[in-house]
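>>> structure, please.
(one chain, ligands or ions: 2)
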Amino acid sequence: MSAWLTVTNKHRTTRILNVETVSPTVKTFTFMDGLCAKAKPGQFLMLWIPGVDEIPLSVFHVDRERALVYVAVKRVGEATKALHTMKVGDWVGVRGPFGKNFTLRGGKVLMVGGGVGIAPLTFLAKELADRKFSKTVAVVGAKTKEELIFLDKLKRFCGEKNVLAATEDGSYGVKGLASTLAESVMTQEGFDVVYACGPEPMLRAVLDYAEKGGFYFEASLERLMRCAIGICGSCVIGGYRVCRDGPVFNIHQLKTVKGEFGVWKRDFNGKRIPL
Ligand SMILES: Cc1cc2nc3c(=O)[nH]c(=O)nc-3n(C[C@H](O)[C@H](O)[C@H](O)COP(=O)(O)OP(=O)(O)OC[C@H]3O[C@@H](n4cnc5c(N)ncnc54)[C@H](O)[C@@H]3O)c2cc1C
Ligand code: FES
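Ligands and ions are numbered 1, 2, ... in the order given. All right, here's what the predicted structure looks like:
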C-alpha cells in the first residue's frame, strides 16, 4: 500500500454539518474532513453509517479552505435509507479519498450524466469552468423532472444553453434517455473529450458512440466495494479493480472489458447479475 493510501485509509469520525433534500430520493450531506476535502472530481470516499454499513460515495463538491466535503446520496437500500434519516450533528465515519479522478483535458467537452451520476460531473464542470476551458456541453437525464438534480449548478458552470436534458416521462427536456440525446449531440458536433457518469447501460451506449465518432472518453464505474484499497476483489471488472484502477476509466481501458461493461456485474456472493 502506498504511503498516501495508508493515510487516507484510516477511519475518521465526523459530524454531519448540513443536510439538504434535492429530489424525492436524493439528499446531500456536508461534513468536515481535511483529507476528503482534497478529493478531485471522480474520486470517492467510504462513508460508515454507524450500526448499518459502509458505502462508497462520490464527492460532488469540496470547500478546501474550510475542509468541507459534500456528497449526494440516492436512497436505494438499507444503508442509504438509514443515512437519509440522519440529522445535523449525527456522527458518521469516513475513509478516503480513493481512486482515480477524471483527467482534466482542455478543448471542447461533453458530459453525459444520469440520475445521481450527475453529482460528480457538477464537480468536474466546476473545475473545468475555474480553468476557463473553452466549452462544456452537459447532457443529463433522469426518470422524471423531480429526479433531475443540480440543473442550476450545471447551468452556472456550463452556461444555460449548453445544458440539455432528457427525462423518461417527458416531464422536462426531450422525452427519452440521456444516451440517445448524447448520441444526437455527438453526431452533430465534435468534442475533444466525453465524460460520463450514471447507470452502466447508459455508459456503455456512450462508449459505443464515442468509439464510432472517434472521441476520447472517460467514465466513472460502480461495482460493489468493501475494502476500497484493491485488496478484497469484490469490485473487479476484467483485470481491473474499480476501487484502485478506477472508478474513472478511459476509453482504452474500457475497450478491454467490453464483454462485461454494461452487460453484467457481480453481487456480494460473486454471482453474475445481468445489468
Ligand atoms: C465508486 C462509487 C461511487 C458511488 N457514488 C455514489 C454517489 O455519489 N451517490 C449515491 O447515491 N450512490 C453512489 N454509489 C452507489 C452507492 O454506493 C450504493 O447505492 C450504496 O452502496 C447502496 O447501499 P444500500 O445499503 O442503501 O443498498 P443495498 O440494499 O445494499 O443495495 C442497493 C443497490 O446498491 C448496490 N450496492 C450495494 N452496496 C454497494 C457497494 N458497497 N458498492 C457499490 N454498490 C453497492 C447494489 O448492487 C444494489 O443495486 C457509488 C458507488 C460506487 C462504487
Ligand atoms: S473494494 Fe476491495 S478490491 Fe476493490
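>>> ok, now which ones touch residue 215?
Residue 215 is in contact with 110, 186, 190-194, 209, 251, counting by C-beta atoms under 8 Å, 6 or more residues apart in numbering. For the C-beta atoms, the positions are set from N, CA and C on the backbone; glycine is no exception.
>>> distance check, it against residue 193.
Distance of residue 215 to residue 193, computed by C-beta to C-beta, to the nearest Å: 7 Å.
>>> what sits in contact with each of the two?
residue 110.
>>> could you flag which of the contacts of residue 215 are buried?
Taking 16 or more other C-beta atoms under 10 Å as the criterion, what is buried in these is 110, 186, 191, 193-194, 209, 251.
>>> okay if I get these as CSV plus distance to ligand 2 and pLDDT?
Putting those into CSV (distance: C-beta to the nearest ligand atom, whole Å; pLDDT from 0 to 100) gives the following:
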residue, distance to ligand 2, pLDDT
110, 29, 96
186, 31, 95
191, 31, 94
193, 26, 95
194, 25, 97
209, 28, 95
251, 22, 97
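>>> in helices only, show me those residues.
In this view, the buried ones among the contacts of residue 215 that belong to helices under DSSP state H are 186, 209, 251.
>>> nearest to ligand 1, of those?
residue 251 (18.8 Å; C-beta to the nearest ligand atom).
>>> check contacts around that closest one.
By C-beta under 8 Å, 6+ apart, the contact set of residue 251 is 207, 210-211, 215-218.
>>> at 6 Å instead, please
residue 217 (C-beta atoms under 6 Å, 6 or more residues apart in numbering).
>>> around ligand 1, which positions in the chain sit nearby?
Taking C-beta under 6 Å from any ligand atom as the contact definition, the chain meets ligand 1 at 44, 53, 55-58, 71-74, 76-80, 116, 119, 222-225, 247.
>>> just give me the neighbour total for the residue nearest to residue 129 when sequence neighbours are not counted.
Nearest residue to residue 129 in three dimensions, chain neighbours excluded: residue 157, at 4.2 Å (C-beta to C-beta, 6 or more residues apart in numbering). Residue 157 has 22 neighbouring residues, counting by other C-beta atoms under 10 Å.
>>> surely residue 157 touches residue 128?
No. Between residue 157 and residue 128 there is no contact under C-beta atoms under 6 Å: 7.3 Å.
>>> show me which of the residues of the chain next to ligand 1 neighbour ligand 2.
Answer for those near ligand 2 (C-beta under 6 Å from any ligand atom): residue 225.
>>> out of the residues of the chain next to ligand 1, which are inside helices?
78-80, 119.
>>> phi, psi of residue 163?
phi -110, psi 120 (degrees, to the nearest 10).
>>> I'd say it and residue 138 touch.
Yes. Between residue 163 and residue 138 there is a contact at 4.8 Å, judged by C-beta under 6 Å.
>>> more crowded one of these two?
A count of neighbours by other C-beta under 10 Å puts residue 138 above the other of residue 163 and residue 138, at 28 against 23.
>>> distance check, the residue of the stretch 51-200 of the chain found nearest ligand 1 against residue 143.
Closest residue of the stretch 51-200 of the chain to ligand 1, C-beta to the nearest ligand atom: residue 77 (2.0 Å). Distance of residue 77 to residue 143, computed by C-beta to C-beta: 18 Å.
>>> higher neighbour count, these two?
Of the pair residue 77 and residue 143, residue 143 is the one with more neighbours under other C-beta under 10 Å, namely 14 against 10.
>>> neighbours of the closest residue to that one other than its chain neighbours, just the number please.
Using C-beta to C-beta, 6+ apart and skipping the chain neighbours, the partner closest in space to residue 143 is residue 168 (4.8 Å). Residues near residue 168, counting by other C-beta under 10 Å, number 14.
>>> state the distance from residue 168 to ligand 2.
31 Å (C-beta to the nearest ligand atom, to the nearest Å).
>>> from now on call the first residue 889
That works, and once the first residue is 889, the last one we named lands at residue 1056.
>>> pLDDT score for that residue?
With respect to pLDDT, residue 1056 has a value of 96.
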